[in-house]
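Colleague: My questions concern the predicted model and sequence given below.
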Amino acid sequence: MSITVDKVIKREPLVINENATVKDAVDIMSRENVGLLVIVNSAGKPIGVISERDIIRALSRGKDLNAKVTEVGTIGNIITVSPKDSIYKAALLMNDHKIRHLVVMDGDKLRGVISIRDIISEERVVSS
Ligand code: AMP
Ligand code: AMP
């Protein structure tokens, strides 16, 4: 039986407010050593994500670090899994959407973020 997503969540979800700047995001990502933050509105509801890849693209297009995270990140269409989904399903979703992170939602509650790194390290444990 495949391992479930909740078993590979490493920590509480790291989020950033929708009014924050890319500089704020870079500071959190650097300090916390993560490649993606969930963008939340003032009610704490996830509205999008911003990843290192978005920031690289934005800088290449001439945007600066004072841009809002909502101008740079992916807004609206968040790809999610639930805690009881298998990591196999998570891997397929990452592959299909060409993304390295998934937002874990338990109903409408934000539970965490998993990255491709979590799945690879888990598969190594399974096959050894
Ligand atoms: P990454 O460098 O983005 O692949 O992520 C490094 C580790 O941090 C992975 O083990 C993820 O589970 C975790 N992680 C990444 N982004 C977040 C986030 N926004 N909130 C909580 N944990 C995260
Ligand atoms: P990544 O490979 O995870 O750094 O992200 C590549 C692109 O996909 C960036 O534009 C991200 O904003 C977007 N992205 C990453 N994870 C998700 C997700 N779970 N839902 C929606 N978009 C995402």
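Modeller: That came through, no problem. Ligands and ions are numbered 1, 2, ... in the order given.

Colleague: Run through the residues of this structure sitting next to ligand 2.
Modeller: 35-36, 49, 51-54, 73-74, 77-79, 99-103 (C-beta under 6 Å from any ligand atom). Where you see a C-beta, it was placed from the backbone N, CA and C, and this is true even at glycine.

Colleague: Cross the residues you listed against helices and list the overlap.
Modeller: Using DSSP state H, 52-54 are the members of the residues of the chain next to ligand 2 that sit in helices.

Colleague: quick one: which of those is nearest to ligand 1?
Modeller: Using C-beta to the nearest ligand atom, Glu52 comes nearest to ligand 1 of those, at 7.5 Å.

Colleague: For ligand 1, see how far away the nearest residue to the closest one once chain neighbours are set aside is.
Modeller: Computed as C-beta to C-beta, 6 or more residues apart in numbering, the closest residue to Glu52 that is not its neighbour in sequence is Gly35, at 4.6 Å. The gap separating Gly35 from ligand 1 is 3 Å, by C-beta to the nearest ligand atom, to the nearest Å.

Colleague: thinking again about what came up before, can you tell me which of the ones in helices among the residues of the chain next to ligand 2 has the most neighbours?
Modeller: Highest neighbour count within those: Asp54, with 19 neighbours (other C-beta atoms under 10 Å).

Colleague: wait, what's in contact with it?
Modeller: Contacts were defined as C-beta atoms under 8 Å, 6 or more residues apart in numbering; by that measure Asp54 touches 72-74.

Colleague: again, 6 Å this time
Modeller: 72-73 (C-beta atoms under 6 Å, 6 or more residues apart in numbering).

Colleague: Surely Asp118 touches Lys7?
Modeller: No: using C-beta atoms under 6 Å, Asp118 is not in contact with Lys7; the gap is 9.5 Å.
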